[in-house]
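In: Below: sequence and its predicted model.
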Amino acid sequence: MITAYNLGALFDPQLGGDNLALIDCLDWAAPREYSHREIDDLANACARGLRGRGLVQGDTVALLSANRAEFLIAYLGILRAGMIALPVSYRFPGELIDFVLGDASARHIFCDGPRREAFTTNMPVTDFDAGGEQGFAALLDRGTFETVRPNDDDVAMVLYTSGSSGRPKGVPLTHKGHLWALRGRMAAWPFTHHRLLIAAPMYHMNALCTCLFGHGASTSTVMLPEFDARQYLQAIARFKCTWITAVPTMLAMAFMEEDLLADLDLSSVSIVRMGSAPVSPKLWARVEEIFPNANIMNGYGTTEAGPMVFGAAGGKPVPALSVGRLMPEVEVKLIDQDGNEADQGVCWQRTPANTTGYLNLPEKSAEVITPDGWYDSGDVFRRDGDGAYYFIGRDDDMFVCGGENIYPGQVEGILVGHANVEQSCVVPVPDDIKGEKPIAFVVRRPGTSVSEDEIKQHALANGPAFQHPRMVIFMDELPLAGPGKIDRKGLEARGREIWRQAAN
């Protein structure tokens, strides 16, 4: 079991040592391998380099890059130096990236070449792909480093999660809280014989925590720069991965590559962990078919409360589609529409990994986090008689498309930003791959003309690609359910029927 006191210093010289830690597939033709000791040495060099650039304990350092070894090394170095890591979604448009960098008061940024022009904020830059003074090699300062011992409330990282307000919200997370979560994930020690596969982006808690788990447990990890369905399957076969984690949508997309499923040997997989989105019975059955020898489980976690709420606890088998039972030291209550505790309702949770509040947003924090540490997740669950929990859906209008949260108001704001759009209402429609997709009802500005494709292109140019409406339905006016209130539910039912007819 790990005895680390800093989330960035997880190296165990006896267990990890010179064993293979990471296979970085940034160059698919020639992947680069790193030992656990090499990553430890490089993380120390990064921490020394940051100090040498004048950064001090408590400063925030951003990471804007596709998955690669340098991302992990820089992340570990930032934390070892007592600084705060700020992984930033490269899927955000430039305006939101600039907002995050400013909101978190970032002092330095690590980026890769493709993301070098994605922000305009003026600050020192270390470019993973550059040579010279701005390159990663120039920052590294080889030598020993005494890792900072954080206090119990010292923040290790700030992850940003989108909100219904249209602005991402910063979630400060502590060393102590996520070391607790890491120890919980490692309770069934040892894991050194496993080889993990990571393809989800490391700015997201799912991939980041999995990467830390692999590093702390002294396993070997295969890291893809981003998800590609064919490469994902090829990586399993090529590197004999035993443990795969994925958003359900990723697996659904991979399973469409039927030629590879027929030709590749995927028998090495013994553990499948899904999370970040609901899993349909159809997909669950397909996972069982493709990986017949694997232990399969649907996970659950939030940025605000961490990845260790439910799991394989209590010594009982976890039912299919369930997220498991309460983990040790975790408290949960399901609150029904009447405000009473029940077997189905909105999940309130309190864990040692809970954030104490959103960055710079005291009023928003007070809406969902109580003074005694309970977090209102907004997620609806049911609990069966045996203590297993099942995710039902969101308590508000949010829906999930391919593992990404979509808030209709945010997309509607983008659409109405088009000069020829007067009103819009965005609703979800079902999709076998993505779970749900957004479509839009739009009212044109009187006397103007705008096409469906123009609206889609406007959405793509002004927001993340996953948010753009897959269909645009023009109306003379939007129906109302009350004074000044759009009949969202009625439009959703209408949209689903139009979508169904279009598919037939």
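Out: Noted; the coordinates are in hand. Numbers count the residues shown, from 1 in each chain.
In: quick one: buried residues of the helix or strand where Q234 lies?
Out: Assigned by DSSP states H and E, Q234 belongs to helix 229-239. Residues 229, 231-239 are the ones in helix 229-239 that count as buried (16 or more other Cβ atoms under 10 Å). To be clear about C-beta, it is placed using only N, CA and C from the backbone, and glycine gets the same treatment.
In: Just the CA atoms of stretch 327-340, as CSV, please.
Out: Output of stretch 327-340 as CSV, limited to C-alpha atoms (Å, rounded to 0.1, in the frame of the first residue of the first chain):
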residue,chain,number,x,y,z
MET,A,327,-17.2,2.4,-0.5
PRO,A,328,-15.6,2.7,3.0
GLU,A,329,-15.7,6.2,4.5
VAL,A,330,-18.3,7.3,2.0
GLU,A,331,-21.7,8.7,2.9
VAL,A,332,-24.6,8.9,0.5
LYS,A,333,-28.2,9.9,0.8
LEU,A,334,-30.9,9.8,-1.9
ILE,A,335,-33.3,12.7,-1.7
ASP,A,336,-36.7,12.5,-3.3
GLN,A,337,-38.8,15.3,-4.7
ASP,A,338,-40.3,15.9,-1.3
GLY,A,339,-36.9,16.4,0.3
ASN,A,340,-36.9,13.1,2.1
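In: Show me what the helix holding Q234 is packed against.
Out: strand 195-198, helix 248-254, helix 258-263 (3 or more Cβ pairs under 8 Å, 6 or more residues apart in numbering; DSSP states H and E).
In: for this protein, what spans make up the helices?
Out: Secondary structure of the chain (DSSP state H): helices at 36-52, 69-80, 94-103, 136-139, 175-185, 205-216, 229-239, 248-254, 258-263, 281-290, 362-368, 408-416, 452-462, 488-503.
In: Throw these into CSV and include mean pLDDT, thanks.
Out: Formatted as CSV, the helices of the chain follow (pLDDT from 0 to 100):
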stretch, mean pLDDT
helix 36-52, 98
helix 69-80, 98
helix 94-103, 94
helix 136-139, 97
helix 175-185, 92
helix 205-216, 90
helix 229-239, 96
helix 248-254, 79
helix 258-263, 93
helix 281-290, 85
helix 362-368, 94
helix 408-416, 81
helix 452-462, 94
helix 488-503, 90
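In: Deepest-packed of those helices, please.
Out: helix 69-80 (a mean of 26; mean count of other Cβ atoms under 10 Å).
In: now for that helix, which elements pack on it?
Out: By 3+ Cβ pairs under 8 Å, 6+ apart, helix 69-80 packs against strand 20-24, helix 36-52, strand 60-64, strand 84-87, strand 106-111, strand 155-161, helix 205-216.
In: Please tabulate these in CSV, including the columns distance to A294.
Out: CSV is the format used below for these (distance: least, Cβ to Cβ, whole Å):
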stretch, distance to A294
strand 20-24, 21
helix 36-52, 26
strand 60-64, 32
strand 84-87, 29
strand 106-111, 35
strand 155-161, 29
helix 205-216, 16
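In: now the stretch 251-400 of the chain, which segments are flagged as low pLDDT?
Out: For the stretch 251-400 of the chain, residues meeting the criterion pLDDT under 70 lie at 276-278, 280, 282, 393-394.
In: Leaving out chain neighbours, which residue sits closest to E454?
Out: Once flanking residues are discounted, E454 sits nearest to H418: 7.6 Å by Cβ to Cβ, 6 or more residues apart in numbering.
In: which other residues reach stretch 490-499?
Out: Residues from elsewhere that reach stretch 490-499 (Cβ atoms under 8 Å, 6 or more residues apart in numbering): 425, 427-430, 439, 441, 471, 473, 478-479, 481.
In: Now the buried members of those residues.
Out: 425, 427-429, 439, 441, 471, 473, 478.
In: surely D141 meets L42?
Out: No. With contact defined as Cβ atoms under 8 Å, D141 does not count as touching L42 (10.8 Å).
In: Please identify the buried residues of stretch 339-354?
Out: 345-354.
In: Ok, stretch 391-411 next?
Out: So for stretch 391-411, counting by 16+ other Cβ under 10 Å, buried means 391-392, 394-395, 397-408, 410-411.
In: Q57: neighbour count?
Out: Other residues near Q57 come to 12 when the count uses other Cβ atoms under 10 Å.
In: What residues does it make contact with?
Out: 81-83, 148.
In: how about the helices and strands packed on helix 229-239, which one is nearest I271?
Out: strand 195-198 (8.9 Å; Cβ to Cβ).
In: Tell me the helices and strands packed up against the closest one.
Out: Going by 3+ Cβ pairs under 8 Å, 6+ apart, strand 195-198 lies up against helix 205-216, strand 220-223, helix 229-239, strand 243-246.
In: Which residues does stretch 409-419 contact?
Out: Counting by Cβ under 8 Å, 6+ apart, 162, 164, 166, 397, 421-426, 438, 440, 442, 445, 448, 450, 454-455, 458-459, 462-463, 467-469 sit against stretch 409-419.
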